[in-house]
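In: Generate coordinates for the sequence data below:
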Amino acid sequence: MIGPLFRSPHRAPRATPLPLGAARRARNVFTDIVETLLAPFGQWSRLQLIVEEVSIGVKALPPAFDGYRIAFLTDLHSSAVVPAWWIQHAVSAAMGLGADLIALGGDFVEDDARYVPGLADLLRPLHAPDGVVAVLGNHDHYVGAAGVREQLRAAGARELLNTPLVIARGDARVAVSGVGDLQCDAIDFFAAFAGVPPSVPRVVLSHDPDVFAYWPAEVRLDLMLSGHTHGGQAYLPLLGPPFVPSQFGFRYLKGLYRESDRQLYVSRGIGAAGAPIRWKCPPELTLVVLRPAHP
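Out: Predicted structure coming up:
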């Protein structure tokens, strides 16, 4: 692949949320018109939802968590171009994975607030022994984060906004946390694992994988789960995906990345944005299986 023709502008973590402005609202209207026109061309019935099972080695993972299973769903993009039945199909598939924890990576809706009220009904079937956790994505902020958060609560999901959830198996512990969206919300790396001893293995949800590059060295991170890029969504011959919503281009496009003791997994996501196209980049439901890292 040569590289993307377009990528996101440079963004660094924010200390305060970004208000939704008039320009974003106008863009939402434009996007909604375009997607409504393109929706009839969607062929979701011809697509296969790929379950990617990924074993991740985690340093000092307690034996009690060897084989711990996390079902990761991200980028549903409920909209005119992603029908409700397709999201229901993904939810049903996730429930068939026997996960200990279900993690939701954001972008539950696209750019049309009319799809927010139906979100709880789509997600309510999700449940797991250790619960359902979530973070928001940039598109959730575009349509109003408060409404999306209300729907998540109604569905029984817990948003991890710069706050940890400690999961216990006897005396053993693993911490799962989440941070705000890189473009639209506040990120507090230190609050994300506040009160968690450094010896406890850590998994963090971040909608945008670019956050991985900014994670401070003094805060332990074993694994980050992200989406946002859609894996490129559509691949052109030789060029690859012409647009990647990352300031780093293909650096964190899809799949597993390792940098020192830290790992990042980027899912291709469930839905699509802009157009009902997934060409040479099939939708993905991820099953993460934690394993002790080998020395």
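
In: Next, please give the residue ranges for the strands of the stretch 51-200 of the chain.
Out: 68-73, 101-104, 132-134, 158-159, 163-169, 172-178 (DSSP state E, counting those that start in this stretch).

In: Given the shortest one, what are its sheet partners and their directions?
Out: Strand partners for strand 158-159, identified by DSSP bridges, are recorded as strand 132-134 (parallel).

In: Of all the residues in the strand it pairs with, which ones are buried?
Out: If you call a residue buried by 16 or more other CB atoms under 10 Å, then strand 132-134 has these buried ones: 132-134. Just so you know, the C-beta spots here come from the backbone N, C-alpha and C atoms, and that holds for glycine as well.

In: swap in stretch 16-28?
Out: In terms of neighbour count (16+ other CB under 10 Å), stretch 16-28 has its buried residues at 24, 28.

In: which residues sit against that stretch?
Out: Stretch 16-28 is contacted by residues 111-113, 141-145, 180, 183-186 when judged by CB atoms under 8 Å, 6 or more residues apart in numbering.

In: all helices in the stretch 151-295 of the chain, in order from the N-terminus.
Out: 189-192, 211-214 (DSSP state H, counting those that start in this stretch).

In: actually the stretch 1-150 of the chain, not the one I typed
Out: Under DSSP H, counting those that start in this stretch, the stretch 1-150 of the chain gives helices at 22-38, 84-95, 119-123, 138-143, 145-155.

In: can you list the weak-confidence ranges in the stretch 151-295 of the chain?
Out: Applying pLDDT under 70 to the stretch 151-295 of the chain picks out residues 295.

In: can we see that at 80?
Out: Applying pLDDT under 80 to the stretch 151-295 of the chain flags the ranges 294-295.

In: re earlier: format the strands of the stretch 51-200 of the chain as TSV; extra columns: distance to H230.
Out: Shown next, in TSV, are the strands of the stretch 51-200 of the chain (distance: least, CB to CB, whole Å):
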stretch	distance to H230
strand 68-73	13
strand 101-104	16
strand 132-134	18
strand 158-159	22
strand 163-169	27
strand 172-178	20
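
In: Of all these, which one is nearest P276?
Out: Nearest to P276, of all these, is strand 68-73, at 18.6 Å by CB to CB.

In: Can you list the strands that that closest one pairs with?
Out: When DSSP bridges is applied, strand 68-73 pairs with strand 101-104 (parallel), strand 284-292 (antiparallel).

In: So what's the model's average confidence on the shortest one?
Out: Model confidence over strand 101-104, given as mean pLDDT, is 98.

In: start the count at 809, not 1, going forward
Out: Noted, 809 is the first residue going forward, which turns the last one into strand 909-912.

In: Any buried residues in it, and which?
Out: For strand 909-912, the buried set under the neighbour-count rule, 16+ other CB under 10 Å, comprises 909-912.

In: Output it in CSV with nothing but the alpha carbons.
Out: The C-alpha coordinates for strand 909-912 follow below in CSV (Å, rounded to 0.1, in the frame of the first residue of the first chain):
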residue,chain,number,x,y,z
LEU,A,909,-16.6,-9.1,29.9
ILE,A,910,-18.1,-7.2,27.0
ALA,A,911,-16.4,-4.0,26.0
LEU,A,912,-17.9,-1.4,23.7
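
In: Can you tell me what sits against it?
Out: The contact list for strand 909-912, computed with CB under 8 Å, 6+ apart, reads 876-882, 902, 931, 934-943, 960, 965, 975, 984, 1013, 1033.

In: cool, stretch 950-961 as well?
Out: Contacts of stretch 950-961 (CB under 8 Å, 6+ apart): 825, 828, 832, 836, 912, 916-921, 923-925, 927-928, 931, 942, 944, 948, 966-967, 992-993.

In: next one: stretch 1045-1058
Out: With CB under 8 Å, 6+ apart as the test, stretch 1045-1058 has contacts from 809-819, 1016-1018, 1021, 1036-1044, 1060-1061, 1089.

In: who touches D883 in this structure?
Out: Neighbouring residues of D883 by CB under 8 Å, 6+ apart: 913-915, 945, 1035-1036, 1038, 1075, 1077-1079, 1081.

In: I misspoke; the intended subject was V1074.
Out: V1074 makes contact with 1017, 1034-1037, 1039, 1060-1063, 1065 under the criterion CB under 8 Å, 6+ apart.
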